[in-house]
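*Asks:* Predicted model, plus sequence, below.
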There are 4 protein chains.
Amino acid sequence: MADRKGPNAKLTGVIQMAAPALTRKELLDRLRIEFPDAGHAVGDYEIEELWRGGCRLRQRYDQRALRPGGTLSGATMMALGDFTMYLAVLSVIGWVPLAVTTNLTINFLRKPPPGDLIAEARLLKLGKQLAVGEVAIHSGGAEDMVAHMTSTYSIPPVK
Amino acid sequence: MADRKGPNAKLTGVIQMAAPALTRKELLDRLRIEFPDAGHAVGDYEIEELWRGGCRLRQRYDQRALRPGGTLSGATMMALGDFTMYLAVLSVIGWVPLAVTTNLTINFLRKPPPGDLIAEARLLKLGKQLAVGEVAIHSGGAEDMVAHMTSTYSIPPVK
Amino acid sequence: MADRKGPNAKLTGVIQMAAPALTRKELLDRLRIEFPDAGHAVGDYEIEELWRGGCRLRQRYDQRALRPGGTLSGATMMALGDFTMYLAVLSVIGWVPLAVTTNLTINFLRKPPPGDLIAEARLLKLGKQLAVGEVAIHSGGAEDMVAHMTSTYSIPPVK
Amino acid sequence: MADRKGPNAKLTGVIQMAAPALTRKELLDRLRIEFPDAGHAVGDYEIEELWRGGCRLRQRYDQRALRPGGTLSGATMMALGDFTMYLAVLSVIGWVPLAVTTNLTINFLRKPPPGDLIAEARLLKLGKQLAVGEVAIHSGGAEDMVAHMTSTYSIPPVK
């Protein structure tokens, strides 16, 4: 993490697809150990892609996420977006499980029909203490964004 | 709902404890019918109090909500806050299940320890199309707020 | 505006550069008439580009925007971002001056040095009643984003 | 500032009216020195009250703040709210001019008529690095809130 400051300047630019600080497999192994009771962490989500400064997750459809009107609940999208952003942060700082969300804003744009959800996060800034990013959530197979999220993560100091 | 415009002006003021548009029991009955698969709606949450323009919910502790560091997940607090605001909106406009969140911002203030969460919502504005409110989330038994949320609900037009 | 519904589905996609509902010159003429006292509307801002669903504005440096530490004030960036989003909305719905912001979230990412600011807005959704968009603000000549904003505009009903 | 941690726990509670870390006069003197070009800091705003953890400001009506429809601009309310929160932070940590906003969300609830605006801020959390608070903005003489804001300030480390 000695180079944490270095790559920040380019995070929002063209080299987003650089190798992440830990591989997809390393991340999954860690998550299984640290979140043993949290089904969402390794059960419901599929990490489709992980790169330095971002990632894309797919959430498989589960009818318990439905609410009146036959649309997926906001809580489902918020949980997905928050977790996607968490992995985007870890993709740069490595395994720092105690990073926590300090602030999150989500705009719900369209009602997602029953089906998979796909969330893609990218960091807008990575400082020593705070990481800020945005997440676009789409309904699987459709072009329009169903929700847009921005959030801030607080990064605990390196001991 | 003919009087929807009337009481708005006072929502943020002193008469918050007026009778809600539907009773706590009516609300629970409706939720059980409309959200049959959504455990959260009637399973995990307890409506402690409901009044015109606000309500207070308690979420029983469930260890699946834990994340690394022994704190309750942000997703748990967001789902709770969103649902509390939903009931606050219904407390004034009556049973309109298709009201949907359009926007939500949450600030996570302190890490809640394992235990119950208590959320209290109050409306700041109720217009014809939009309702805006804030939710304070506390950890059961502690004085400090653990999260603060504001959100906007879109109210479908009366047919 | 009869076709307001039509183009929405594509707003976030590839045809962002379609012709706006009113030209840059028409917009400036209208602003001069309707905002006679508001210097910002036509004085401080330069509309660099306007297309259907978005626009890019430049704000000339003014030392009154400086605050301690030699950085541009947050208020300056918020006013710029809000106005940029306003023009992005008008670029699709035409001249509807009474469109008002209902909600705005801004993340300040880096302290902008004294100099011009450039804001670029794009709509994420345009419904009948609400428009949601995001604005990226850069410091003139630098690559990194200095602030990211999302906001919602309420569109008054067509009489 | 050695006691910064101490009083935090009570900030959201009943002892909000404790003496601020610097008096109203000390604050004004400092602002006049540090913001010489920024009229808003000492010209347009009147500090009505300042206490530990909060303050109330009045902004005198200025017709340049009007926008189409005869309402005060959102930019005016955002600048006022942000500055009110800034003073609320300083009321606890003392004169630390380099504290900067990292995040701000505002909900515009009602269109304020031409006239004074009154903003009241209170801190919800004061940590070592981040302060979070909320601001209620009212139109002078009216009961209803016209805007509600939450924001986060980053506090530079004590050298």
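*Replies:* Everything's here; your move.

*Asks:* For the residue nearest the centre of chain A, pull up the helix or strand it's in.
*Replies:* For chain A, residue A:84 is the residue whose C-alpha lies nearest the centre (Cα atoms, centre = their mean; 1.1 Å). Using DSSP states H and E, the element containing residue A:84 is helix A:74-93.

*Asks:* check whether that helix contacts chain D.
*Replies:* No: applying Cβ under 8 Å from any Cβ of the partner chain, one finds helix A:74-93 out of contact with chain D, separated by at least 14.2 Å. Every C-beta, even on glycine, is put in place using the N, C-alpha and C of the backbone.

*Asks:* quick one: that helix to chain centroid distance?
*Replies:* With Cα atoms, centre = their mean, to the nearest Å as the basis, helix A:74-93 stands 3 Å off its chain's centre.

*Asks:* Tell me which strands the helix or strand hosting residue A:122 pairs with, and in which orientation.
*Replies:* Per DSSP H and E: residue A:122 is located in strand A:117-126. If you go by DSSP bridges, strand A:117-126 pairs up with strand A:54-59 (antiparallel), strand A:130-139 (antiparallel).

*Asks:* who in chain A is up against chain D?
*Replies:* A:102-103, A:105, A:129-130, A:152, A:154.

*Asks:* how does it look with 7 Å?
*Replies:* Proximity of chain A to chain D (Cβ under 7 Å from any Cβ of the partner chain) is limited to residues A:102-103, A:105, A:129-130, A:152.

*Asks:* Pretty sure residue A:87 sits against residue A:54.
*Replies:* No: using Cβ atoms under 7 Å, residue A:87 and residue A:54 do not qualify as a contacting pair, with a distance of 8.9 Å.

*Asks:* continuing past the lowest-mean-pLDDT helix or strand in chain A, what's the next helix or strand?
*Replies:* In chain A, the helix or strand scored least confidently by mean pLDDT, DSSP states H and E is helix A:5-8, which has a mean of 34. Sequence-wise, the next helix or strand downstream of helix A:5-8 (DSSP H and E) is helix A:24-34.

*Asks:* angle of that following helix against helix A:74-93?
*Replies:* 120 degrees (axes from the mean of the first three to the mean of the last three Cα atoms, to 10 degrees).

*Asks:* show me what contacts residue A:59?
*Replies:* Taking Cβ atoms under 7 Å, 6 or more residues apart in numbering or on different chains, we find residue A:59 in contact with A:44-45, A:80, A:116-117.

*Asks:* hmm, try it at 8 Å
*Replies:* A:44-46, A:76, A:80, A:116-119 (Cβ atoms under 8 Å, 6 or more residues apart in numbering or on different chains).

*Asks:* ok, these vs residue C:34, which is closest?
*Replies:* Taking Cβ to Cβ as the measure, residue C:34 lies nearest residue A:119 of these, at 40.4 Å.

*Asks:* mind checking how far the closest residue to the closest one other than its chain neighbours is from residue A:59?
*Replies:* Distance criterion Cβ to Cβ, 6 or more residues apart in numbering or on different chains; nearest residue to residue A:119, sequence neighbours excluded, is residue A:84 at 4.1 Å. Look at residue A:84 and residue A:59: by Cβ to Cβ, to the nearest Å, they are 9 Å apart.

*Asks:* How about residue A:49?
*Replies:* Per Cβ to Cβ, residue A:49 is found 14 Å from residue A:59.

*Asks:* same question, residue A:87
*Replies:* On the measure of Cβ to Cβ, residue A:87 and residue A:59 end up 13 Å apart.

*Asks:* does residue A:134 really touch residue A:120, like I thought?
*Replies:* No: in this structure residue A:134 lies outside contact range of residue A:120 using Cβ atoms under 8 Å: 9.3 Å.

*Asks:* Looking at the two, which has the bigger crowd around it?
*Replies:* A count of neighbours by other Cβ atoms under 10 Å in any protein chain shown puts residue A:134 above the other of residue A:134 and residue A:120, at 23 against 19.

*Asks:* Please give the element, helix or strand, for the residue of chain A at minimum distance from chain D.
*Replies:* Relative to chain D, the nearest point of chain A is residue A:103 (5.2 Å; Cβ to the nearest Cβ). Assessed by DSSP H and E, residue A:103 sits inside strand A:100-108.

*Asks:* That strand - what's its average pLDDT?
*Replies:* Strand A:100-108 shows a mean pLDDT of 97.

*Asks:* and the angle from it to strand A:130-139?
*Replies:* Going by the same axes, to 10 degrees, strand A:100-108 is angled at 40 degrees with respect to strand A:130-139.

*Asks:* Strand A:100-108 packs against which elements?
*Replies:* Contacts defined by 3 or more Cβ pairs under 8 Å, 6 or more residues apart in numbering or on different chains; DSSP states H and E place strand A:100-108 against helix A:74-93, strand A:145-154, helix B:74-93, strand B:100-108, strand C:145-154.

*Asks:* Now for the residue nearest to residue A:119: which residues touch it?
*Replies:* A:55-57, A:119-121, A:135.

*Asks:* at 10 Å instead, please
*Replies:* By Cβ atoms under 10 Å, 6 or more residues apart in numbering or on different chains, residue A:84 lies in contact with A:45, A:47, A:54-57, A:59, A:117-122, A:133, A:135-137, A:149, A:151.

*Asks:* Quick check, pLDDT for it.
*Replies:* On pLDDT, residue A:84 comes in at 97.

*Asks:* next one: residue A:154
*Replies:* Per-residue confidence (pLDDT) for residue A:154: 96.

*Asks:* contacting residues around the nearest residue to it once chain neighbours are set aside?
*Replies:* Nearest residue to residue A:154, sequence neighbours excluded (Cβ to Cβ, 6+ apart): residue A:102, at 4.8 Å. Applying Cβ under 10 Å, 6+ apart to residue A:102 gives the contacts A:129-132, A:151-154, B:74, B:106-109, D:102-103, D:125, D:127, D:129-130, D:132, D:152.

*Asks:* Likewise for residue A:106?
*Replies:* Shown in contact with residue A:106 (Cβ under 10 Å, 6+ apart): A:74, A:77-78, A:81-82, A:135, A:137, A:147-151, B:78, B:82, B:101-106, B:151, C:105, C:150.

*Asks:* now chain A, which segments are flagged as low pLDDT?
*Replies:* Residues of chain A meeting the criterion pLDDT under 70: A:1-16, A:36-43, A:159.

*Asks:* Flag every residue of it that's near chain C.
*Replies:* Residues of chain A that fall close to chain C, judged by Cβ under 10 Å from any Cβ of the partner chain: A:8-14, A:103-110, A:124-127, A:130, A:132-134, A:136, A:138, A:142-152.

*Asks:* again, 6 Å this time
*Replies:* Selection of chain A residues close to chain C by Cβ under 6 Å from any Cβ of the partner chain yields A:12, A:105, A:107, A:109, A:124-125, A:132, A:145, A:148, A:150.

*Asks:* Columns neighbour count and distance to residue D:18 on top of these, output as a markdown table?
*Replies:* Formatted as a markdown table, those follow (neighbours: other Cβ atoms under 10 Å in any protein chain shown; distance: Cβ to Cβ, whole Å):
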| residue | neighbour count | distance to residue D:18 |
| --- | --- | --- |
| A:12 | 21 | 43 |
| A:105 | 25 | 32 |
| A:107 | 26 | 38 |
| A:109 | 21 | 44 |
| A:124 | 21 | 38 |
| A:125 | 23 | 35 |
| A:132 | 24 | 33 |
| A:145 | 20 | 47 |
| A:148 | 22 | 41 |
| A:150 | 25 | 35 |
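
*Asks:* For these, work out which two are farthest apart.
*Replies:* A:109 and A:125 (23.5 Å).

*Asks:* list the buried ones in stretch A:125-134?
*Replies:* For stretch A:125-134, burial by neighbour count (16 or more other Cβ atoms under 10 Å in any protein chain shown) applies to A:125-126, A:129-134.
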